[in-house]
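*Asks:* Got a predicted model here, sequence first, then my questions.
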There are 2 protein chains.
Amino acid sequence: MVKLEPLPSSERLYIRVARRIADLVKAGDVKPGDRLPSERVLADMLQVSRPSIREAMIALEVSGLIEVRTGSGIFVTRGGSSISTPLVDSGIGPFEILEMRLVLEPEICALAAERVSDAALQRLSELFQSMVELNGRPEMEAIDREFHTLIAAEAENTAMAQTVEWLWRLRVQSGFSRGYHRLIVEEGIFPTLEEHKAILDALMKRDPEAARQAMTSHLLAATESAARHFESNPA
Amino acid sequence: MVKLEPLPSSERLYIRVARRIADLVKAGDVKPGDRLPSERVLADMLQVSRPSIREAMIALEVSGLIEVRTGSGIFVTRGGSSISTPLVDSGIGPFEILEMRLVLEPEICALAAERVSDAALQRLSELFQSMVELNGRPEMEAIDREFHTLIAAEAENTAMAQTVEWLWRLRVQSGFSRGYHRLIVEEGIFPTLEEHKAILDALMKRDPEAARQAMTSHLLAATESAARHFESNPA
DNA sequence: GATGGCAAAGTGGCCTGACCAATTCTAATC
DNA sequence: GATTAGAATTGGTCAGGCCACTTTGCCATC
């Protein structure tokens, strides 16, 4: 019983179109942030109908490569393709996220301590200053996020960096953020500030071991405070 | 500088449709392997046009939730681990993947040692036997993959399990697999078998520390052998 | 000359209706 | 009962149209 599957002569059109567009990006013909030609123009260029272009764009959008802005155009995402933000609820909960971060981020932080650039250190300092000044206001979560993702980026491992960003997206999605501000108020802002300071200091000293240690402490504290929070606020 | 962003007026239609369909699956109204109603019927049920249904289906297909068979119908993917072929090349290379696995999988393996089920141990044994019998034939890579992803699943952390599967998909995509068989032949099959045996034994003894250690050794060996391989086969 | 407002052009969002190609089902035929 | 030819079903693709939103740039106003 031979079963040969040669020449998938004609894949579905939207896939072929999506690949062509993706190649444009990969080849650097269009750079992140750039706007692609309009759907109608693309349809004309590739000699396919507009619905086919739209289908391809949706595939690329789900893949995280492009971003569609109504009435404005289609733009190439900054940061390239990533683990797609699940269209469906991933079912991944806050504690799973924290458990994984506890494994991943200390090592990332240690790597970053060796590889971090001066510019990044500068930016991290600014972010820390912002945290101090914001002093627990809701905007602080965005700062926190940039702090962690920037460190991940400095580890110079794209896979790790994308994973950290994915985990933050999941966190937002999992409804954990809803309790964030309240948590900060309940627990007080200072412990969090101290922890971030320790991480920043370790990175500045480019001390991998201290960085690993500081990040571990930070995430352990976060886990504990999350546990207290969910204890008193059952889902 | 206030920046308010209220009322995310209705999302794009295809996303709402996709969510509805995804909910059907999640709620168990349609099970893996089932066929969904035809596009025309869905369009009529949800009171949207067929193109919108199609767009939603493409989004779900890219997400790996469904599978479209021309002329036959749309089917819910069997088993959570769908082999959705990434549409775009992530640009993540073999060494980044290995570096990340070296951080993640030892901890996963340690967790799995505490949480692994008897059924999973049984399956892991079978997989190891298959590896022995296949003795380096190309099919071995698929077995290797199932071995690692099953361990990840047994760690009972969905985020980690999904990440490990993602990394394998990236590996296939990054052209690393192309050299896999050749690598096995060059390096010999026995080291790999020994390493997997050690992992399996540690899991059976439910010894987290031994499991972590065994996985670390395995991945270090893989990294070294990959290094040798790429040394003599410049990209 | 700078400002503010408004209309036109451009863009994606969505729909209707149609035809084609692959698959599956049905029923007539042997 | 097995085979097979045709009909029905299903996804694949196209054409063209209308709407809502954004952006742009002209123009009246100050």
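*Replies:* Looks like it came in fine.

*Asks:* Mind telling me what element the spatially most central residue of chain A is part of?
*Replies:* Most central in chain A under Cα atoms, centre = their mean is A:Glu165, positioned 2.0 Å from the mean C-alpha point. When elements are assigned from DSSP states H and E, A:Glu165 belongs to helix A:158-173.

*Asks:* what residues does chain A put near DNA strand C?
*Replies:* By Cβ under 7 Å from any atom of the strand, the residues of chain A that approach DNA strand C are A:36, A:38-41, A:50-51, A:54, A:57, A:68-74. Where you see a C-beta, it was placed from the backbone N, CA and C, and this is true even at glycine.

*Asks:* Any of the residues you listed buried? List them.
*Replies:* Buried subset of the residues of chain A next to DNA strand C (neighbour count, 16 or more other Cβ atoms under 10 Å in any protein chain shown): A:Leu36, A:Glu39, A:Pro51, A:Arg54, A:Met57, A:Val68, A:Ile74.

*Asks:* Cross those against strands and list the overlap.
*Replies:* Using DSSP state E, the subset of these located in strands is A:Val68, A:Ile74.

*Asks:* Among the buried ones among the residues of chain A next to DNA strand C, which one sits closest to B:Ser217?
*Replies:* Comparing those against B:Ser217 with Cβ to Cβ places A:Met57 closest, at 45.8 Å.

*Asks:* re earlier: the helix holding A:Glu165 relative to helix B:158-173, how many degrees between them?
*Replies:* 140 degrees (axes from the mean of the first three to the mean of the last three Cα atoms, to 10 degrees).

*Asks:* From the chain's centroid, how far away is helix A:158-173?
*Replies:* Distance, stretch centre to chain centre, for helix A:158-173: 4 Å (Cα atoms, centre = their mean, to the nearest Å).

*Asks:* Also stretch A:28-48?
*Replies:* 26 Å.

*Asks:* How many residues are close by A:Glu126?
*Replies:* 12 (other Cβ atoms under 10 Å in any protein chain shown).

*Asks:* Which strand or helix spans it?
*Replies:* helix A:118-134.

*Asks:* Just list what the helix or strand following that helix packs against, helices and strands only.
*Replies:* Helices and strands here follow DSSP H and E; after helix A:118-134, the next one along the chain is helix A:140-154. With contacts taken as 3 or more Cβ pairs under 8 Å, 6 or more residues apart in numbering or on different chains; DSSP states H and E, helix A:140-154 sits against helix A:94-115, helix A:118-134, helix A:158-173, helix A:180-187, helix A:190-204.

*Asks:* change it to 10 Å
*Replies:* Where contact means 3 or more Cβ pairs under 10 Å, 6 or more residues apart in numbering or on different chains; DSSP states H and E, helix A:140-154 is packed against helix A:94-115, helix A:118-134, helix A:158-173, helix A:180-187, helix A:190-204, helix A:208-232.

*Asks:* wait, which of the ones you listed is closest to B:Ile21?
*Replies:* Of the helices and strands packed on helix A:140-154, nearest to B:Ile21 by Cβ to Cβ is helix A:158-173, at 18.4 Å.

*Asks:* Rounded mean pLDDT for the closest one, please.
*Replies:* Confidence over helix A:158-173 (mean pLDDT, whole number) is 84.

*Asks:* Give the buried residues for it.
*Replies:* Those would be A:158-171, for helix A:158-173 by 16+ other Cβ under 10 Å.

*Asks:* now swap in stretch A:27-40 and tell me
*Replies:* A:Val30, A:Leu36, A:Glu39.

*Asks:* Around the nearest residue to A:Ser49 once chain neighbours are set aside, count how many other residues there are.
*Replies:* In space, and not counting its chain neighbours, A:Ser49 is closest to A:Ala43: 6.0 Å by Cβ to Cβ, 6 or more residues apart in numbering or on different chains. The number of residues packed around A:Ala43, counting by other Cβ under 10 Å, is 18.

*Asks:* Which neighbouring elements make contact with the helix holding A:Glu165?
*Replies:* helix A:94-115, helix A:140-154, helix B:94-115, helix B:158-173.

*Asks:* how about 6 Å then?
*Replies:* Applying 3 or more Cβ pairs under 6 Å, 6 or more residues apart in numbering or on different chains; DSSP states H and E, one finds that helix A:158-173 contacts helix A:94-115, helix A:140-154, helix B:94-115.

*Asks:* Show me the one of those that comes nearest DNA strand D.
*Replies:* Smallest distance to DNA strand D across the helices and strands packed on helix A:158-173 (Cβ to the nearest atom of the strand): 21.6 Å, for helix A:140-154.

*Asks:* which parts of the closest one are buried?
*Replies:* In helix A:140-154, counting by 16+ other Cβ under 10 Å, buried: A:140-141, A:143-154.

*Asks:* any idea which of those is closest to chain B?
*Replies:* Nearest to chain B among the buried residues of helix A:140-154 is A:Ala152, at 11.0 Å by Cβ to the nearest Cβ.

*Asks:* Any idea which of the helices and strands packed on helix A:140-154 has the lowest pLDDT on average?
*Replies:* helix A:180-187 (a mean of 59).

*Asks:* just to revisit the earlier point, including pLDDT, could the buried residues of stretch A:27-40 go into CSV?
*Replies:* Converted to CSV, the buried residues of stretch A:27-40 look like this (pLDDT from 0 to 100):
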residue, pLDDT
A:Val30, 90
A:Leu36, 93
A:Glu39, 94
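
*Asks:* can you redo those as a markdown table with distance to A:Arg101?
*Replies:* Supplementary listing: the buried residues of stretch A:27-40 in a markdown table, determined by distance: Cβ to Cβ, whole Å:
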| residue | distance to A:Arg101 |
| --- | --- |
| A:Val30 | 34 |
| A:Leu36 | 35 |
| A:Glu39 | 39 |
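
*Asks:* What residues sit buried inside stretch A:44-59?
*Replies:* Neighbour counts using 16+ other Cβ under 10 Å place A:Leu46, A:Val48, A:Pro51, A:Ser52, A:Ile53, A:Arg54, A:Glu55, A:Ala56, A:Met57, A:Ile58, A:Ala59 of stretch A:44-59 among the buried residues.

*Asks:* Distance to chain B for those residues - can I get that in TSV?
*Replies:* Below are those laid out as TSV (distance: Cβ to the nearest Cβ, whole Å):
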residue	distance to chain B
A:Leu46	16
A:Val48	14
A:Pro51	6
A:Ser52	10
A:Ile53	12
A:Arg54	7
A:Glu55	5
A:Ala56	9
A:Met57	9
A:Ile58	5
A:Ala59	5
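
*Asks:* Quick check: phi and psi at A:Lys205.
*Replies:* phi -80, psi 0 (degrees, to the nearest 10).

*Asks:* Once you drop chain neighbours, what's closest to it?
*Replies:* A:Ala113 (7.8 Å).

*Asks:* isn't that neighbour right next to A:Arg206, touching?
*Replies:* Yes: using Cβ atoms under 6 Å, A:Ala113 is in contact with A:Arg206, at 5.2 Å.

*Asks:* Pick out whichever of those two has more residues nearby.
*Replies:* A:Ala113 (25 against 14).

*Asks:* Next up, the contacts around that one.
*Replies:* Contact analysis of A:Ala113 by Cβ atoms under 6 Å, 6 or more residues apart in numbering or on different chains lists A:Leu203, A:Arg206, A:Asp207, A:Pro208, A:Ala211.
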